[in-house]
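S.K.: Got a predicted model here, sequence first, then my questions.
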Amino acid sequence: MRRAAALVCLVALSGAACGGDDDGGGGDLSATTTTTLSDADLPLEQGAQPLATIELTLTEVAQADSPTALAPRAGTSTLYVAERPGRVRPLDGDDLGDPVLDISDDVVTDVEQGLLGIAFSPDGGTLYVSYSLAPDGDTRVDAYTMSGDEVDTGSRRELLAVEQPYANHNGGDIAVGPDGFLYIGLGDGGSAGDPEGNAQDTDALLGKLLRIDPTAPSGDAEYGIPEDNPFADGQGGAPEVWLYGVRNPWRFSFDADTGDLWIADVGQNAFEEVDLLPAADGAGRGANLGWNEMEGAHPYEGGSNPPDGVLPVFEYDRSRGGCSVTGGYVYRGAAIPELTGAYLFTDYCAGQLRGLRAADGEVTEEHTFESAEGSELVSFGQDAEGELYVLSLDGAISRIEAGG
C-alpha cells in the first residue's frame, strides 16, 4: 500500500470535507462523465421535466450557529438541526427553538471536527448523534431516548467509538436506512493520500460506510451486527463494515422511493465524485469504491482500479473549479414535480446547486442551477414530505423551491 506524505489539512471544516493538498476555488464545474441525451430520449419519471428547463431558488427559513445536519422525526412536522459546536435545535417552520440537546462541552471543532450528524430511529423515539469528542477529536456515535419533544439527557448510550489519527476526513454523517439499521460514514482518518492505508483495509473502520443495529446490543457492544453485513462473521473484514474504499464520504443518502444509495466522496486534489449503489444490486453491500488506488475514475499515484472496484457514476475535474463535493438527496417531494427523481448536490467552494439523473448506471442528465447559489454549503436535509433543504456554515438554513 502506498504511503502519501502526511500533510494535515489546515482548512477549518472546508465543507467539513477537506479536499487535500490543493483545494481549488469556485468556478465552472464541468462534468467529466456525462451521457448526453436529447429531451425526447430522457428516461424521465412521471411529472418530471429535463433539468435544464427547471429553475430553482434557495429561500432562507432560519439562521443557526454553523448548521451541519438536518433531520425529520416521525410523528411531527418539526425538523431538528445540528449545530457544529454541539447543539441540536428544533425547527418549526421558520422558528428555530432552544436546544433540546447541548453537548458542546464534549465536542471539539478544530479543522473538520464538530457535531457532524444526527438521525432519528424510525419511530422517532431515539436520537442518534455523531460528533468529534473533545479533546482528541475521536469519533463518537451516541443514542439518546426522546421524552416527548425533549431529549432525555440522562439516557445517553455510547454506541460507537473510533479513534481518529488526524483532524480531517472524519466523515461523520449518519442515517437510518430503509432497513431500519444505522449507517455511519467515516473518512480514511485524514492527512493526505490515506497514509494509514485505512480505506482498502477491510479490518479497519475508517474509510468505510458502517452498518449496525443500535437496538440489539451484543456482548460488550451497544449494538448488534445485521446478519447480512458482508463480513458479519468477522471473516475477511470488520463485522460493522458495509462498504469500503472511501476517502471522505461527505453526505450520503438513500432514495426514499427506490432505496438506492448515493454517496458524495471528496477527492484528494483532482476529482470530486458521486457514487450510486442501486438497491437492486444490494445498495453497496461489500462494495469497494476504490480509494486510495483510485481518485474518482482515475488511478491515484500509480494505483489501479481494484478487480472489484466500483467507479463513480459522476465526477468533476477540480482544475475547472470547486474544492469539496457536498452530497444531497434524490428529490421526492410534491412542491416541484418537474424535479422528481433528480439527485441534488453542490460543492462547498462553488456554491451552486447541481442535479443529476441516472439510468442503468450512467448519468443521463447533469445541470447546474445557477439561480440557486449560496456560500459554504455544507449539508442537505430532507423533511417528511420529501422537500429538501440546504445548510450553510455561515448560518443559513434554506428550503429549495421552484423559481429563479
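M.R.: Structure's in. What do you need?

S.K.: So, low pLDDT: which residues of the chain?
M.R.: The model of the chain has pLDDT under 70 over residues 1-41.

S.K.: run the last query once more with 50
M.R.: Scanning the chain for pLDDT under 50 picks out the ranges 1-12, 14-16, 21-30, 32-34.

S.K.: Which parts of the stretch 151-300 of the chain are strands?
M.R.: Taking DSSP state E, counting those that start in this stretch as the criterion, the stretch 151-300 of the chain carries its strands at 174-176, 182-186, 208-212, 241-244, 249-254, 261-265, 271-277, 294-295, 298-299.

S.K.: Can I get these in a markdown table including mean neighbour count?
M.R.: The way it works is simple: take the backbone N, C-alpha and C, and place the C-beta from them, glycine included. Shown next, in a markdown table, are these (neighbours: other C-beta atoms under 10 Å):
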| stretch | mean neighbour count |
| --- | --- |
| strand 174-176 | 21 |
| strand 182-186 | 27 |
| strand 208-212 | 26 |
| strand 241-244 | 28 |
| strand 249-254 | 28 |
| strand 261-265 | 28 |
| strand 271-277 | 26 |
| strand 294-295 | 25 |
| strand 298-299 | 15 |
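
S.K.: Need these in a markdown table (columns: distance to Asp92).
M.R.: Putting the strands of the stretch 151-300 of the chain into a markdown table (distance: least, C-beta to C-beta, whole Å) gives the following:
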| stretch | distance to Asp92 |
| --- | --- |
| strand 174-176 | 22 |
| strand 182-186 | 26 |
| strand 208-212 | 31 |
| strand 241-244 | 34 |
| strand 249-254 | 23 |
| strand 261-265 | 28 |
| strand 271-277 | 32 |
| strand 294-295 | 42 |
| strand 298-299 | 46 |
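
S.K.: Tell me which of these lies nearest to Ser392.
M.R.: For the strands of the stretch 151-300 of the chain, the distance to Ser392 is smallest for strand 249-254, at 13.9 Å, taking C-beta to C-beta.

S.K.: Output stretch 381-400 as CSV, nothing but the C-alphas.
M.R.: The C-alpha trace of stretch 381-400 is given here as CSV (Å, rounded to 0.1, in the frame of the first residue of the first chain):
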residue,chain,number,x,y,z
GLY,A,381,-31.7,17.9,4.7
GLN,A,382,-35.0,16.2,3.7
ASP,A,383,-38.3,16.6,5.6
ALA,A,384,-41.0,14.0,6.0
GLU,A,385,-42.7,15.2,2.8
GLY,A,386,-39.6,14.8,0.7
GLU,A,387,-38.9,18.6,0.4
LEU,A,388,-35.2,19.5,0.5
TYR,A,389,-33.2,22.0,2.5
VAL,A,390,-29.6,23.1,2.2
LEU,A,391,-27.4,24.3,5.1
SER,A,392,-24.6,26.8,5.1
LEU,A,393,-21.8,27.1,7.6
ASP,A,394,-22.4,30.8,7.6
GLY,A,395,-25.7,30.0,9.4
ALA,A,396,-28.4,29.9,6.7
ILE,A,397,-30.9,27.1,6.6
SER,A,398,-32.7,27.4,3.2
ARG,A,399,-35.5,25.5,1.6
ILE,A,400,-35.1,24.5,-2.1
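
S.K.: List the buried residues of that stretch.
M.R.: Within stretch 381-400, the residues that count as buried by 16 or more other C-beta atoms under 10 Å are 381-383, 386-393, 396-400.
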